[in-house]
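Peer 1: Give the three-dimensional model of this entry:
(one chain, ligands or ions: 1)
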Amino acid sequence: MEKLYEGKAKIIYPGPASGTVRVFFKDDATAFNGQKRAQIAGKGVVNNQVSSALFRYLEDQGIPTHFIRQLSENEMLVKEVQIVPLEVIVRNRTAGSFSRRYGVEEGRELPYPLVEFSLKNDALGDPLIEGDAALALGLVNGSELSRIKELALKINALLKDYFAQRKLELIDFKLEFGKLLHSAAPTDERGAIVLADEISPDTMRLWEFGTGEKMDKDRFRRDLGGVEEAYQEVLRRVLWPEQPST
Ligand code: UDP
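Peer 2: Numbering: from 1, shown residues only. Modelled structure (predicted):
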């Protein structure tokens, strides 16, 4: 089947209907802007199932997403969108590039969730970008930018709670949003901002409650070992039945 696009961790194929695409999740892992590469056995299956479960949960909670349905172990069907060229990062505790940039230890609790933007541009190494600069460059308009921030914070609150029920703390994560532009989209949805891409242990930091054990891609980035096991454990907990809310 002809590919529409191949990225570092996913391949996009045409979907069965116009305005839809199939997303295939690969086992390939890259870090440090593609300088470190390896395969993580079973990662594609984990990331597809985790992403599918999270998109379903978020949709149920009123968040608009590109998700239509899971097609197989490593494929999902989504609405075709035009990706907004911003990586939207939400942080609950300091870690990673935030700690390096400001010289603060990892794990400090932030007084409120922070939303940051990076320009999606591998050649430039995805530099941090101000909301105002994104506006000035015409990457988004004002209402799209406020909608993206609003959705990112709502998604953070929902996912924090979701993972807390699974004894995992959501430290930070990256989101991508898209615009529904395809003529197959219902008229009232056209131009709407929806959550897109993936949400998986590749794109989130998850620390185990109590032990602080890293259960995400940092195990690969930092050569901590037990990479496959951590991904499998995240999937196992995502598949835990929902607790009835009290
Ligand atoms: N992240 C991502 N893709 C990127 C950059 C970051 O999915 O290209 C995720 C990363 O896994 C983490 C969060 O976004 O959960 C914040 O990452 P950070 O800016 O700290 O960068 P890193 O330490 O990964 O360089």
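Peer 1: so when I look at residue 71, I'm seeing a strand, right?
Peer 2: Yes: with DSSP: H, G, I helix; E, B strand; the rest coil as the criterion, residue 71 is part of a strand.
Peer 1: can you pull the buried residues of stretch 59-76?
Peer 2: Neighbour counts over stretch 59-76 (16 or more other CB atoms under 10 Å) mark 63, 64, 65, 66, 67, 68, 70, 71, 74, 75, 76 as buried. C-beta here means a position set from N, CA and C on the backbone, and glycine is covered the same way.
Peer 1: Who are the contact partners of the third one?
Peer 2: Going back to what we said before, that points to residue 65. Going by CB atoms under 8 Å, 6 or more residues apart in numbering, residue 65 touches 55, 58, 59, 194, 195, 196.
Peer 1: Look up how far residue 213 lies from it.
Peer 2: Applying CB to CB, to the nearest Å, the value for residue 65 to residue 213 is 29 Å.
Peer 1: what's the neighbour count on the residue of the chain found nearest the ligand?
Peer 2: Residue nearest to the ligand within the chain (CB to the nearest ligand atom): residue 96, separated by 2.2 Å. Neighbours of residue 96 under the rule other CB atoms under 10 Å: 15.
Peer 1: where in the chain is pLDDT low?
Peer 2: Within the chain, the stretches with pLDDT under 70 are 243-246.
Peer 1: what does it put close to the ligand?
Peer 2: Within the chain, the positions lying close to the ligand (CB under 6 Å from any ligand atom) are 87, 89, 95-98, 126, 172-174, 203-205, 217.
Peer 1: Residue 29: which of these is nearest?
Peer 2: Each of those was scored against residue 29 by CB to CB, and residue 217 proved nearest at 7.1 Å.
Peer 1: Touching, that closest one and residue 201? I think so.
Peer 2: Yes: Residue 217 lies in contact with residue 201 (CB atoms under 8 Å); the separation is 5.9 Å.
Peer 1: No further questions, thank you.
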